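Q: Predicted model, plus sequence, below.
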Amino acid sequence: MSVFFFFFSEQYGFYGRVERVDEMRGDWIAVQFDAVARKVFEDNDERRSRSEEGLGFIRVVSTPAALQRLMKEEDPLSVGDWFELDVSPDMTKAGPNVWSLQLQGSRFVGLGGIGQPPRGKLITLRRLSRGFEDFAPKPLGAMVSPQVQTTERLRKRCTLVGLAPEISPPLANLILQSFGRAWRLSTAFALDVGQASFNLIQPRDPMGPNLYFDVGQPIWFHLHTVPANFNPPLDKNGIVILSHWDTDHYAFGRQHASFHDNVWMAPLQTEVGPNAEAFARQLGNNLLLVGSGKSSRHRRGARIIKCSAKSMNGSGLALHLRTMGRDILLTGDADYHEIPGIHRLRLNGLQIPHHGGRLSAAAVPMAVGNAPRAVASCGLPNRYGHPHANTIALHEAANWDVTTTAAMPGIPRGTKLY
């Protein structure tokens with residue numbers, strides 16, 4: 001039995017960073033922790049602690065109130081928070097339900113490599129730090145609590161700073177131009193990968209490289225939404241642009257080694273979880289980290305826009321594509337107000353953020369020009385209620401012709417053209 005599931009066979013501890021908090025129906029939420037087994041992390045063997053051993057994901061389904069009672073705190077969980085968790089496989093114990101996946105051979109798997117995620121109970125939940133908070137320098141000789149020491153070690157390990165070359169958005173766009181003049185004459189698709197995100201920009205020139213914006217797939221209970229015949233076109237000369245370090249935006253690329261040799265451009269998000277850091281390290285010299293900076297406008301082709309917020313979703317990358325009469329914006333999970341200069345764009349192709357989830361700001365860019373198409377990449381059924389009816393209505397009110405990769409009334413399932 002693997003290390004991660006061995007630990008799950010008894011009451012055992014993990015350190016986890018909140019990767020996402022998803023609203024479900026009613027008052028329920030699903031919290032995903034990017035996690036490492038406590039025993040492995042605290043092992044003095046550097047090679048073991050830097051391997052796949054002990055890496056995995058923990059998913060907790062509960063209500064905010066129940067989790068606050070367990071934490072003995074009034075503050076809710078937020079993305080970026082670090083926690084210490086104790087989990088038991090004894091389903092007779094009190095506590096929220098928990099599921100786990102392990103990382104094995106670059107794949108996220110259940111029991112026996114193919115089974116369902118094992119289920120357990122969350123016994124303790126202790127917050128180590130809040131997301132995106134800075135630690136002040138400690139005076140010489142000052143006492144540092146074990147909790148602070150652990151948190152500092154976790155955050156030091158799970159940073160992208162110094163892990164790969166850092167480039168500015170202007171330099172990233174120069175690289176895109178040098179690699180892909182063919183994208184000036186290209187077609188953009190939202191591939192049907194179920195409840196996740198996978199976009200393809202395919203040049204008319206058969207010798208031109210593909211451009212991928214996110215190469216994700218579901219890893220939990222939405223795996224059933226992935227088409228059985230999903231087989232995206234592969235291109236060893238293509239470039240992958242990752243919007244942000246959420247698993248459902250890079251899981252397919254991680255689990256298929258054919259993508260590991262591609263050039264990847266990803267946001268330099270200072271702090272990520274143990275699994276994301278391990279994958280970034282695995283990409284090695286093929287990874288370029290895009291830092292802060294402004295992106296100049298372009299006449300045709302593709303350009304990266306660095307988003308302006310501090311959150312994981314809002315501090316990533318967006319992609320603006322001008323090609324063959326189409327002016328397209330791919331957003332990842334960033335809200336529209338988090339994308340600099342969006343008010344100056346005259347768009348007729350749009351990726352609806354976050355799989356059609358609720359928007360934190362109501363300002364949807366107005367559609368301009370011919371055949372305006374807005375696409376929500378989602379899979380049905382899903383546990384989040386995506387796409388939300390209000391989000392669809394806001395886009396229709398902004399003159400967008402809204403479609404989805406999932407089957408909806410009057411909309412067949414499948415890959416959609418932007």
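A: Arrived safely.
Q: secondary structure class for residue 67?
A: helix (DSSP: H, G, I helix; E, B strand; the rest coil).
Q: Quick one, grab the pLDDT at it.
A: Residue 67 carries a pLDDT score of 97 in this model.
Q: Contact partners for it?
A: Residues in contact with residue 67, defined by Cβ atoms under 8 Å, 6 or more residues apart in numbering, are 31, 60, 76-77, 96, 125. Backbone N, C-alpha and C define where each C-beta goes, glycine included.
Q: any idea how far it is from residue 149?
A: Distance of residue 67 to residue 149, computed by Cβ to Cβ, to the nearest Å: 25 Å.
Q: Check the residue positioned nearest the centre of the chain and give its pLDDT.
A: By Cα atoms, centre = their mean, the chain has its centre lying nearest to residue 246, at 1.6 Å. At residue 246, the pLDDT value in this model is 94.
Q: hmm, back to that, report the two of the contacts of residue 67 separated the most.
A: Using Cβ to Cβ, the contacts of residue 67 span at most 14.0 Å, a distance reached by 76 and 96.
Q: Comparing those two, which shows the higher neighbour count?
A: With other Cβ atoms under 10 Å as the criterion, residue 76 and residue 96 differ in neighbour count, and residue 96 comes out ahead with 17 against 14.
Q: now this protein, which segments are flagged as low pLDDT?
A: Regions of the chain meeting the criterion pLDDT under 70 cover residues 1-11, 44-51, 106, 110-116, 132-144, 180.
Q: So which residues of it form helices?
A: Secondary structure of the chain by DSSP state H: the helices cover 3-8, 38-41, 46-49, 64-71, 146-157, 169-179, 251-255, 274-283, 389-397.
Q: buried stuff in the last one?
A: By neighbour count, with 16 or more other Cβ atoms under 10 Å as the criterion, the buried positions of helix 389-397 are 391-392, 394-395.
Q: Any chance of TSV for the residues you listed, columns distance to residue 304?
A: Listed next are those as TSV, based on distance: Cβ to Cβ, whole Å:
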residue	distance to residue 304
391	25
392	28
394	26
395	24
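Q: Out of the residues you listed, the closest to residue 372 would be?
A: Closest to residue 372, out of all of these and judged by Cβ to Cβ, is residue 395, at 9.5 Å.
Q: So that closest one is in contact with residue 374, correct?
A: Yes - in this structure, residue 395 is within contact of residue 374 by Cβ atoms under 8 Å, at 5.0 Å.
Q: Strands of the stretch 101-250 of the chain, residue ranges please.
A: Remark: strands assigned in the stretch 101-250 of the chain by DSSP state E, counting those that start in this stretch are 107-109, 119-129, 166-167, 186-190, 198-203, 211-215, 239-241.
Q: Now distance to residue 330 and mean neighbour count too, for those strands, in JSON lines please.
A: What follows is these, written out as JSON lines (distance: least, Cβ to Cβ, whole Å; neighbours: other Cβ atoms under 10 Å):
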{"stretch": "strand 107-109", "distance to residue 330": "24", "mean neighbour count": "19"}
{"stretch": "strand 119-129", "distance to residue 330": "32", "mean neighbour count": "19"}
{"stretch": "strand 166-167", "distance to residue 330": "19", "mean neighbour count": "17"}
{"stretch": "strand 186-190", "distance to residue 330": "8", "mean neighbour count": "22"}
{"stretch": "strand 198-203", "distance to residue 330": "6", "mean neighbour count": "24"}
{"stretch": "strand 211-215", "distance to residue 330": "5", "mean neighbour count": "28"}
{"stretch": "strand 239-241", "distance to residue 330": "9", "mean neighbour count": "25"}
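Q: Indicate which one of those is closest to residue 383.
A: strand 119-129 (15.6 Å).
Q: so what's the closest residue to residue 85 other than its chain neighbours up against?
A: Leaving out its chain neighbours, the residue that sits closest to residue 85 by Cβ to Cβ, 6 or more residues apart in numbering is residue 14, at 4.8 Å. Going by Cβ under 8 Å, 6+ apart, residue 14 touches 7, 33, 35-38, 58, 84-87.
Q: nearest to residue 100, of the residues you listed?
A: Of the contacts of residue 14, the one sitting nearest to residue 100 (Cβ to Cβ) turns out to be residue 58, at 5.3 Å.
Q: Make sure residue 186 is actually in contact with residue 202.
A: Yes - here residue 186 reaches residue 202: they are 6.0 Å apart, a contact under Cβ under 8 Å.
Q: What's the separation between the closest residue in space to residue 298 that isn't next to it in sequence and residue 232?
A: Leaving aside its sequence neighbours, residue 298 sits nearest to residue 322 (Cβ to Cβ, 6+ apart; 6.7 Å). As judged by Cβ to Cβ, residue 322 and residue 232 stand 23 Å apart.
Q: Next, count neighbours for the nearest residue to residue 356 once chain neighbours are set aside.
A: Spatially, and ignoring its direct neighbours in sequence, residue 356 is nearest to residue 387 (2.5 Å; Cβ to Cβ, 6+ apart). Residues lying near residue 387 (other Cβ under 10 Å) number 24.
Q: Got phi/psi on residue 387?
A: Backbone torsions of residue 387, given as degrees, to the nearest 10, read phi -80, psi 150.
Q: okay, and the common contacts of residue 395 and residue 374?
A: By Cβ under 8 Å, 6+ apart, residue 395 and residue 374 have these common neighbours: 350, 352, 402.
Q: Correct me if wrong: the last one contacts residue 374.
A: To tie it back to what came earlier, the one meant is residue 402. Yes - Residue 402 is within contact range of residue 374, at 5.1 Å (criterion: Cβ under 8 Å).
Q: The two: which has the busier surroundings?
A: More crowded of residue 402 and residue 374, by other Cβ under 10 Å: residue 374, with 28 against 22.
Q: could you list every residue that touches that one?
A: Contact analysis of residue 374 by Cβ under 8 Å, 6+ apart lists 349-352, 367, 395, 400-403.
Q: ok so, going back, any idea which of the strands of the stretch 101-250 of the chain gets closest to residue 228?
A: strand 198-203 (15.6 Å).
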